[in-house]
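[1] The sequence isn't on hand, but the structure is:
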């Protein structure tokens, strides 16, 4: 029997509907008290902040006098007690900037908390808010030249950074996921890009002992990056969705921390298309997972035309992948196409030029793929219980 069901939220086909632009590489968090999803920034580089109200099924944009600079691949933590969003770091390819600042959004106002000391500028890292300690923890990421394995804590009351040095630290990585286990007082971390390969490992950091430990198990998700994860404190279970292991993933996994066991989850209705660099959030009251945005390559476009994927042709670009067993990982090549001054990025005006460039690159012993990125603007929810009320779209041209 299927466990729970997917449903698409809102009718994003309505041209008059106020909604955020399609995007990836943004941040997202859930405000349980107000029943809203907050998203910020991402690949559109507008630096915009939006909220989706689950009770009214509507989006609203928040415009403030002061706000963080536009960025992608930043990290965020949510302080539920104070209903505050914390944002750290990220990257702006237009200005070639790796940020190291911290911002706090509370009561409709952004405040820059710190812009010096602490972790180096980075992107594709993770952050969690640690309740009770008034701290934001930041781990790993990518500086533009190196992957990182450091762990830092910013204390709100002490107004300062401290580098933590727990024993048995995992290898350096970026594009991974992390969640905070409030019951077990532990940080859980999975996957990402390592220095030479994709990672599929699962680690936990016990805050009481100050030590990392890797979980060993049979089965589980493939090694991947750009996936999303949420944590359910009530059941002490980790939920993991999507990502990229060389192909866009649409699978949904659940990890039972008590049984140390992964389960691949099925659902009554087809869920979000395969994607990576999206966001996910957990609604604890209704036991709901929210999914928004992400990237899908063109080879899977035929499966998603009914989902109204929005693609901006100005974002058409070449993406080059190395095989994992060559001298480098494919991420560095993927990252290069976002830098306007690198010779790998060239204007392609016709298919003949494309074929010639691919041929030249192939002669450099690269394994390549031509990808046109689709930026998703739709949002989904996954309910663990089939009797939960769902918001259904209203366009008769779309499939349920």
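    Thanks, I have the structure now. Treat the numbers as computed from the prediction; the structure is a model and nothing was measured.

[2] tell me which strands and helices the host helix or strand of residue 153 is in contact with?
    Taking DSSP states H and E as the criterion, residue 153 maps to strand 147-155. In terms of contacts (3 or more C-beta pairs under 8 Å, 6 or more residues apart in numbering; DSSP states H and E), strand 147-155 is packed against strand 135-142, strand 160-164. Backbone N, C-alpha and C define where each C-beta goes, glycine included.

[3] in it, what's buried?
    147, 148, 150, 151, 152, 153, 154 (16 or more other C-beta atoms under 10 Å).

[4] okay if I get those as TSV plus distance to residue 225 and pLDDT?
    Shown next, in TSV, are these (distance: C-beta to C-beta, whole Å; pLDDT from 0 to 100):
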residue	distance to residue 225	pLDDT
147	11	97
148	15	98
150	19	98
151	19	98
152	21	98
153	24	98
154	25	98
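
[5] residues in contact with residue 254?
    Neighbouring residues of residue 254 by C-beta atoms under 8 Å, 6 or more residues apart in numbering: 237, 238, 239, 240, 262, 263, 265.

[6] In ChimeraX, select just the buried ones from those residues.
    ChimeraX command restricting the contacts of residue 254 to the buried ones, with burial defined by 16+ other C-beta under 10 Å:
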select :237,238,239,240,262,265
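
[7] quick one: which two of the contacts of residue 254 are the most distant?
    238 and 265 (12.0 Å; C-beta to C-beta).

[8] per-residue pLDDT, residue 246?
    For residue 246, the pLDDT comes out at 88.

[9] let me redo that: residue 260
    pLDDT for residue 260: 97.

[10] What's the local residue count around it?
    Residue 260 has 12 neighbours, counted by other C-beta atoms under 10 Å.

[11] show me what contacts it?
    Contacts of residue 260 (C-beta under 8 Å, 6+ apart): 215, 217.

[12] what residue ranges in the stretch 251-400 of the chain score low on pLDDT?
    Applying pLDDT under 70 to the stretch 251-400 of the chain picks out residues 268-269, 297-400.

[13] on that earlier part again, return the member of the buried residues of strand 147-155 nearest to residue 202.
    Using C-beta to C-beta, the buried residues of strand 147-155 come closest to residue 202 at residue 151, 16.5 Å.

[14] hey, where'd the helices end up in this protein?
    All helices of the chain, identified by DSSP state H, fall at 330-336, 351-363.

[15] buried stuff in stretch 221-238?
    Within stretch 221-238, the residues that qualify as buried by neighbour count (16+ other C-beta under 10 Å) are 221, 223-232, 236-238.

[16] for stretch 247-262, same thing?
    Residues 248, 249, 250, 251, 252, 253, 254, 255, 257, 262 are the ones in stretch 247-262 that count as buried (16+ other C-beta under 10 Å).

[17] Would you mind putting the residues you listed into TSV with distance to residue 63 alongside?
    As requested, the buried residues of stretch 247-262 are exported to TSV (distance: C-beta to C-beta, whole Å):
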residue	distance to residue 63
248	33
249	35
250	34
251	37
252	35
253	38
254	38
255	39
257	41
262	42
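
[18] Show me where the stretch 151-300 of the chain has its strands.
    Per DSSP state E, counting those that start in this stretch, the stretch 151-300 of the chain carries strands over the ranges 160-164, 177-181, 186-193, 198-206, 211-215, 228-232, 237-244, 248-256, 261-264, 279-283, 288-292, 295-296.
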